[in-house]
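Asks: this is a predicted model, with the sequence first.
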Amino acid sequence: MARALDPEIAAGIRAAMAATAKGPAPVDLAGIRAALDAAMESYPVPDAPGVTREDLQLTDELAARLYRPQHEAPGALVVFLHGGGRIAGSLATHDRICAGLAADGAVLVLAVDYRLAPEHPSPAAEDDAWTALVWADAHRAELGAVDLPLVVAGDSAGGGLAALTALRARDAQGPALALQLLLYPMLDDRTKATDRRLVPLMTWTPAVNALAWGAALGAAAGTDAAPAGAVPARAEDLAGLPATYLEVGDCDLFLGEVLGYATRLAAASVPLELHVHPGMPHAGEAMAPEAALSATVRAA
């Protein structure tokens with residue numbers, strides 16, 4: 001049986017596209033960034049009650065936002081890196097998503113406003129993610145997180161950056177991580193659609209993916225010259241990484257790369273929980289938060 005979008009997810013995507021689509025699809029990077037930001041900010045994710053927000057300045061160039069649940073003592077400190085292909089996204093695009101994570105998980109969430117490509121190509125985003133993790137670990141007392149487990153998390157491009165941050169923490173003997181939470185992460189600059197029939201189901205397409213990696217890595221993207229330090233799937237050794245939660249939909253361009261990374265984590269004896277959601281495209285739970293499948297994804 002051919003893969004297909006979950007009907008409720010498909011309806012939510014159609015509604016989201018109708019609300020934001022204006023004129024022909026953009027083809028230049030500036031237009032794609034504007035369209036991505038508009039789409040992400042318009043996702044009908046409900047705001048979570050009982051969560052406070054505090055804007056912070058980690059360095060002169062790096063801002064962040066702290067989300068704190070009010071109805072329950074937080075059980076972890078989560079450094080969160082937003083999606084957007086490394087070319088788009090911000091604290092604003094993921095504000096309600098981070099608030100929901102803080103409320104549903106009863107955790108402190110430090111969302112990071114890392115620098116974007118192509119204005120700031122690799123390793124700017126990777127360095128910002130690392131700076132945020134080190135800052136969070138060093139400021140546990142003022143955050144009220146002295147004894148809390150430390151987690152690095154992200155969706156899409158942010159998931160890829162979270163994976164790189166976990167690798168760097170291992171290699172630099174940096175802050176001890178309890179978990180890396182990788183939500184449909186962007187892991188491999190070499191990914192292409194293996195079945196062109198699935199492209200119409202994809203909310204993140206091969207063409208935009210190639211453009212995004214090119215913005216981050218320049219001419220090295222997709223070639224043997226791409227640096228392993230910027231591409232999680234190119235890391236030679238995954239042993240010693242923290243426990244890992246991975247999720248992806250079976251209508252997501254990233255399905256293959258996520259499954260490949262999961263297989264390598266398991267082979268390296270990294271504790272692993274993997275969820276593949278039938279009928280789910282990239283970021284589908286944010287586009288259609290009322291769908292039953294989206295509730296299942298959030299609960300997991």
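Replies: Everything's here; your move. Residues are numbered from 1 along each chain as shown.
Asks: where does this protein have low pLDDT?
Replies: For the chain, the stretches flagged by pLDDT under 70 are 1, 21-23.
Asks: all helices of the stretch 1-150 of the chain, in order?
Replies: 7-20, 29-42, 95-105, 124-138, 140-143 (DSSP state H, counting those that start in this stretch).
Asks: which of these sits closest to residue 59?
Replies: helix 124-138 (6.3 Å; Cβ to Cβ). C-beta coordinates here come from the backbone N, C-alpha and C atoms, glycine included.
Asks: ok, back up a step: JSON lines please, covering the helices of the stretch 1-150 of the chain and showing mean neighbour count.
Replies: Output for the helices of the stretch 1-150 of the chain, formatted as JSON lines (neighbours: other Cβ atoms under 10 Å):
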{"stretch": "helix 7-20", "mean neighbour count": "16"}
{"stretch": "helix 29-42", "mean neighbour count": "17"}
{"stretch": "helix 95-105", "mean neighbour count": "21"}
{"stretch": "helix 124-138", "mean neighbour count": "21"}
{"stretch": "helix 140-143", "mean neighbour count": "13"}
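Asks: just put those helices in CSV and tack on distance to residue 113.
Replies: Listed next are the helices of the stretch 1-150 of the chain as CSV, based on distance: least, Cβ to Cβ, whole Å:
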stretch, distance to residue 113
helix 7-20, 22
helix 29-42, 13
helix 95-105, 11
helix 124-138, 8
helix 140-143, 17
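Asks: out of those helices, flag the one nearest residue 211.
Replies: helix 29-42 (6.6 Å).
Asks: the closest one vs helix 95-105, what angle?
Replies: 40 degrees (axes from the mean of the first three to the mean of the last three Cα atoms, to 10 degrees).
Asks: residue 231 contacts residue 191, correct?
Replies: No - using Cβ atoms under 8 Å, residue 231 is not in contact with residue 191, being 10.3 Å away.
Asks: between these two, which is the more surrounded one?
Replies: residue 231 (24 against 21; other Cβ atoms under 10 Å).
Asks: now that one: how far from residue 198?
Replies: Distance, residue 231 to residue 198, by Cβ to Cβ, to the nearest Å: 23 Å.
Asks: residue 299 too?
Replies: Distance from residue 299 to residue 198, by Cβ to Cβ: 26 Å.
Asks: got a list of what the nearest residue to residue 291 once chain neighbours are set aside touches?
Replies: Excluding its sequence neighbours, the residue lying closest to residue 291 (Cβ to Cβ, 6 or more residues apart in numbering) is residue 8, at 3.6 Å. Residues near residue 8 by Cβ atoms under 8 Å, 6 or more residues apart in numbering: 288, 290, 291, 292, 293, 294.
Asks: my guess is the fifth one meets residue 285, correct?
Replies: When you say that, I think you mean residue 293. Yes - counting by Cβ under 8 Å, residue 293 touches residue 285, with 7.3 Å between them.
Asks: please say which of the two ends up with more neighbours.
Replies: residue 285 (26 against 21).
Asks: any idea how far residue 112 is from the nearest residue to the more buried one once chain neighbours are set aside?
Replies: Distances taken as Cβ to Cβ, 6+ apart put residue 294 closest to residue 285, at 3.9 Å, once the chain neighbours are dropped. Separation of residue 294 from residue 112 (Cβ to Cβ) stands at 24 Å.
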